[in-house]
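In: requesting a structural model of the entry that follows:
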Amino acid sequence: MAAKVGFDPGYSTADLADAINRVEENTRAAVPIARPMYVEPDILTET
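Out: Have a look, this model is predicted:
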């Protein structure tokens, strides 16, 4: 599974890593066969 996920630009590196880990954990809880998993962070900006 691969996903590009938007995150708050105010996140520190540690916050971003924690958020990505939560995305992975929640996805695996819902879809246990979702392996391998690649989560690409995208910084949300106003347009």
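
In: quick one, strands of the chain?
Out: Along the chain, counting by DSSP state E, strands occupy 2-7, 38-43.

In: make TSV out of those strands and add mean neighbour count, mean pLDDT and distance to Leu16.
Out: Glycine gets a C-beta too; all of them are placed from N, C-alpha and C. As requested, the strands of the chain are exported to TSV (neighbours: other Cβ atoms under 10 Å; pLDDT from 0 to 100; distance: least, Cβ to Cβ, whole Å):
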stretch	mean neighbour count	mean pLDDT	distance to Leu16
strand 2-7	12	92	6
strand 38-43	12	91	6
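
In: any chance of a markdown table for these, columns distance to Thr27?
Out: Putting those into a markdown table (distance: least, Cβ to Cβ, whole Å) gives the following:
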| stretch | distance to Thr27 |
| --- | --- |
| strand 2-7 | 8 |
| strand 38-43 | 8 |
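
In: and those: which comes nearest Val31?
Out: strand 2-7 (11.6 Å; Cβ to Cβ).

In: which neighbouring elements make contact with the closest one?
Out: helix 13-30, strand 38-43 (3 or more Cβ pairs under 8 Å, 6 or more residues apart in numbering; DSSP states H and E).

In: to Lys4, which of those lies closest?
Out: strand 38-43 (4.6 Å).

In: how about the contacts made by the most centrally placed residue in the chain?
Out: With distances taken as Cα atoms, centre = their mean, Ile20 lies nearest the centre of the chain, 3.5 Å away. Each residue near Ile20 by Cβ atoms under 8 Å, 6 or more residues apart in numbering is listed here: 5, 39, 41.
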